[in-house]
Every structure is written in C-alpha cells, then in structure tokens.
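Enquirer: Build the 3D model from these lines:
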Amino acid sequence: MAFRYQGVIMDKKRQKIRIAAFGYGNRVKKYLSFLDAEPEVAELAGIIEPDACRLQEARQRHSSCGDIFHASADTFFASSPDIDAVIIGTPDDTHYGLCMESLRSGWHVLLEKPAAQTMQQCRDIADLALKKGVSVVLCHVLRYHPLYKCLKRIMDSHRYGDIVSVNHIVNVGIDRTCHTFVRGPWSDSRSANPMILSKCCHDLDLIVWLTGQTADKVSSFGSLKWFCGSNAPEGSAARCVDCAIERECPFSAIDLYIRRKEWIGNFDVPKGSTLETVLEEEMRSGRYGRCVYGCDNDVVDHQVLSMKMDNGIVVTLSMDCFTMKDGRITDIKCVFGEITVQDNVIRAQDFRTGEEQVWDFASLADSPLHAGADHRIVEEFLGFVRAAKSGASTNRSPVQTPDRPESGESSHADDLPEISSSLESHRICFMAEESRLSGKTVSTI
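Expert: Model prediction:
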C-alpha cells in the first residue's frame, strides 16, 4: 500500500514510523487515535506517563503493543529506544526539557503548544532541530480545520484585495475559564504560561498564517480582576460543598460538574472506582472543588492586544472570559471587501459588486477531533518524517511570509506548523505579556 507525499511515492509498510508519546492525557489520546485508524502508517513504540492511573489506562488500551510503558522519562531515554519520532503532550513546564532531549536523540517531535516558557527556550528548540536535521511541529491544529483551510484559500486568492485590518475575538467562556484557568493547572503562570500564550497562541498563529506577516509592534492590557480573594462574597467558603451561597454563585463547582455535568470528560477514574465517586472526592478535597475566589491562580481573566504587522496591517485580539460563549469571531477588512467568520460560517462581501458569498461549516460544529484536524496534523507530521527517512525534500526552510500559489491552495510548508514557521505566534504572546506588565508598546523580544 502506498501514498504520495510531496510528489514522492511512499510505501507505508517499508517506511513505517516508530513513535513514542510523552503523556497520556486528552490531547495525546486524540493524536494516538490516528494510529488506530491507520495502523500501517506508524507503530506505537512507547508511552511515558508518571501518573499511575493514566499509565494503567494506557496499558489496557494498548496492551497489544508489548512492554512499551514507562513511568519515568529518564528511564525511557536511558533505554535508548529505536524510534523515529515522539509526541509531547505533557504539562507546559516539561515541554522544553523533553523536546531538547528528544532532539539530542535525533527524533522528530510533534509538540503540543505552547512550545516552551520563554522565547529563548523556543529559539533553543528551533536551533537544535535545525542542527540535528530533524523537525519540530507544533500542534496548531486549527490550520487543518476545514473552516480555516477555506478561509486561508480565500485570503490567498486576493479576491478582496489587500488586508487592512483584522479584529479577532476569543470567547474563552466562563465554564472553561473556571475549569482550566482558575481551578485547573493552567491557572499558575509559573508552572504553565501566561494565559495569552496558553489560550491564544492558536489564534495568533492563525492570524500570522492568514496574513503572511510578522508583528512589528505590540501593546496589551489586562489583569486578574475578579477571581481573587478580595472579591469573595460574604458567606462564601473555601470549598463549594461548604458554601452557604453556592446555589447563587455562577461559578459553582457543584453546579458545573455535578448538576450540569460539564467538563467532566478529563477526570481520571482509577480501576475499581466510578466517575461519581471521583467527582465527589474532588469536590471535597481536590483542586476542582475549590472556591474560585480562594485558588492559587495568577493568570489574567481578561486581556486585549493590538499589533501592527510589518506591512502595516493592524490587528486587535480580545480574550474574553466573562461570557457564556465559547468560540472565535474573526472580522477581516480588505480594500475591496470584508470577511467575517462566526458560528462556523464564513461570509464575504464584495464592495464592487455587492455580492455576498457564504461558506457554511455549521454541520462540523460538534465534530470530534477538531473536525478531523487532530488526525490531519498527525498524518502530515508522519508524512514529513517518512519523507525525511526516505531522503525526499521536506521543504524545511523558514516560512515567515508564505507564498501565495496562483491556485489559491496552501502549500505543504505553509500548512504544517513546523517550528520555524510557527514561533511568531509565541513571540507575539511574549511581547504582549511584556507590554501588559510594563505598560509600554513592545517592538522586539
């Protein structure tokens, strides 16, 4: 069985990739499900997960793979495994160390975003990947979502002329905010990252990808306004189960997890237990049962940034937490028309003819795996690795201002978020955080 990649016919069996995964959380499970769908493309050769419950789940799910399971990254590296690539989906503060060690071993890396915790660490990763002749691909999966692929083709066609401005809204949603950025592990910028990087590097990657431009100047404002102890109402308690006003609180953990049963899919259930038991214990003693006014969070709960791109395009991004909405709204103003993306629908208005064109992707709103984008990026990554093994060209040159093919189709190098083409989103996030903290416009970092 064979397929074509970059114009080269690849034999799947002969070029089968051996891949290992660091972490066995939600994102890694989704990426590894591609191997279930396409077992002839790659074989799983290692899972490294320090959490005993998750490691046990991995053993059960992938029992046919043999003894490939490790509780420690150190023991895995020490075993000198015969692999071609790794997926890194561990906590943010471990990305840099695991990625650098994987690169030293000569492995290609599919790296969950954000890449690292400082811009210098990001550059270290890119430099070492180039030196070792291997690839690091960031999981900016939205480049592969059908809606954004369509939007990219529209922008590359120049049908509506040059872009003048982009206004982008990220509706984080109050439930997601409380679960992930107040009670959850992304609440602490020291062990995770600033929220603008954790949540919005996807969005800024989209903007850079769509415009083909890098940022010249960035300014940003935001703070932790509400979710702190000084705003705790009278009668509240340290935990929602002990709170006299829990029923009145819009941020109640009991309401979110027990009554509405939202955001419960990622709670680990040990063997012999039940989800109900896990949730009950969590409400009484776990991090997710805490009052939102008494957590150890330090990331912002609202932020805006403005930036000027190299060619003069002006961009604004607003990250809104205090909303029931959960999604993105993008408004692109061009010299001959405007394009709006909202509720999985693209609408384009031509100023010259008055014609409106609509691309409706609403049917994909609830599709799993980001409407197949999670699998598509794994497929492209493995194809990239396979081409490298065969000696085929992989187009690894940095892509800062993507070419605009006459057909309007995005090139492979433009789509695949290899680190040389995707770190601009991280640079902008770090610039935004520096601006937010200093109160000054930032031009470089």
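Enquirer: How about the contacts made by Val241?
Expert: Residues in contact with Val241, defined by C-beta atoms under 8 Å, 6 or more residues apart in numbering, are 254, 283-284, 289. In short, each C-beta sits where N, CA and C put it, glycine included.
Enquirer: Generate a PyMOL selection restricted to the buried subset of the residues you listed.
Expert: The PyMOL selection below is limited to those of these classed as buried (16 or more other C-beta atoms under 10 Å):
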select buried, resi 254+283+289
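Enquirer: can you tell me which of the contacts of Val241 lies nearest to Ser367?
Expert: Nearest to Ser367, judged by C-beta to C-beta, of the contacts of Val241 is Ile254 at 30.6 Å.
Enquirer: need the contact list for the closest one.
Expert: Ile254 touches 240-241, 246, 283, counting by C-beta under 8 Å, 6+ apart.
Enquirer: Please repeat the previous calculation with a cut-off of 6 Å.
Expert: Residues in contact with Ile254 (C-beta atoms under 6 Å, 6 or more residues apart in numbering) are 240, 246.
Enquirer: repeat for Leu111
Expert: Here Leu111 is in contact with 88, 99, 136, 138 (C-beta under 6 Å, 6+ apart).
Enquirer: Please tell me the pLDDT value assigned to it.
Expert: In this model, Leu111 is scored at 98, pLDDT.
Enquirer: from the contacts of Val241, which ones fall inside strands?
Expert: Per DSSP state E, strands hold no members of these.
Enquirer: Can you add pLDDT and distance to Leu204 and give the contacts of Val241 back as TSV?
Expert: As requested, these are exported to TSV (pLDDT from 0 to 100; distance: C-beta to C-beta, whole Å):
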residue	pLDDT	distance to Leu204
Ile254	98	35
Met283	98	36
Arg284	97	39
Gly289	98	33
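Enquirer: Going by distance to Phe430, which of the contacts of Val241 wins?
Expert: Nearest member of these to Phe430, counting by C-beta to C-beta, is Gly289, at 33.4 Å.
Enquirer: Is that closest one in contact with Arg239, as I believe?
Expert: Yes: contact criterion C-beta atoms under 6 Å: Gly289 and Arg239 qualify, at 5.2 Å.
Enquirer: circling back to that earlier point, tell me which of the contacts of Leu111 fall in strands.
Expert: 88, 136, 138.
Enquirer: Just list whatever residues bridge to the first one.
Expert: Just to be clear, that refers to Ile88. Beta bridges link Ile88 to Phe22, Leu111, judged by DSSP bridges.
Enquirer: can you offset everything so residue one is 18?
Expert: Sure, I'll start counting at 18 from here, so that last one is Ile105.
Enquirer: and it, how many residues sit next to it?
Expert: Other residues near Ile105 come to 26 when the count uses other C-beta atoms under 10 Å.
Enquirer: Same question for the last one.
Expert: One way to gauge burial is a neighbour count; for Leu155, by other C-beta under 10 Å, it gives 28.
Enquirer: Could you pull out the strands in the stretch 68-217 of the chain for me?
Expert: 86-87, 102-105, 125-128, 153-155, 180-188 (DSSP state E, counting those that start in this stretch).
Enquirer: Check which helices and strands the fourth one is in contact with.
Expert: Contacts defined by 3 or more C-beta pairs under 6 Å, 6 or more residues apart in numbering; DSSP states H and E place strand 153-155 against strand 125-128.
Enquirer: Can you give the distance of the strand it packs on from its chain's centre?
Expert: 14 Å (C-alpha atoms, centre = their mean, to the nearest Å).
Enquirer: And stretch 268-281, by the same measure?
Expert: That offset, for stretch 268-281, works out to 24 Å (C-alpha atoms, centre = their mean).
Enquirer: Contact partners for Tyr177?
Expert: Tyr177 makes contact with 351, 353-354 under the criterion C-beta under 6 Å, 6+ apart.
Enquirer: Excluding chain neighbours, what is closest to it?
Expert: Gly354 (3.5 Å; C-beta to C-beta, 6 or more residues apart in numbering).
Enquirer: how many neighbours does Ala379 have?
Expert: Ala379: 10 neighbours (other C-beta under 10 Å).
Enquirer: end to end, how far does stretch 186-195 reach?
Expert: This stretch, stretch 186-195, spans 19 Å end to end (C-alpha to C-alpha, to the nearest Å).
Enquirer: can you tell me the average pLDDT over stretch 350-361?
Expert: Mean pLDDT, computed over stretch 350-361, is 97.
Enquirer: What of stretch 399-415?
Expert: Averaging pLDDT along stretch 399-415 gives 72.
Enquirer: how far away is Asp110 from Glu74?
Expert: Asp110 sits at a distance of 23 Å from Glu74 (criterion: C-beta to C-beta, to the nearest Å).
Enquirer: who's more crowded, those two?
Expert: Glu74 (19 against 15).
Enquirer: So what's the gap between stretch 369-388 and the chain middle?
Expert: For stretch 369-388 - counting by C-alpha atoms, centre = their mean - the centre lies 21 Å from the chain centre.
Enquirer: again with stretch 305-316
Expert: 23 Å.
Enquirer: In it, which residues are buried?
Expert: 305-310, 312, 314, 316.
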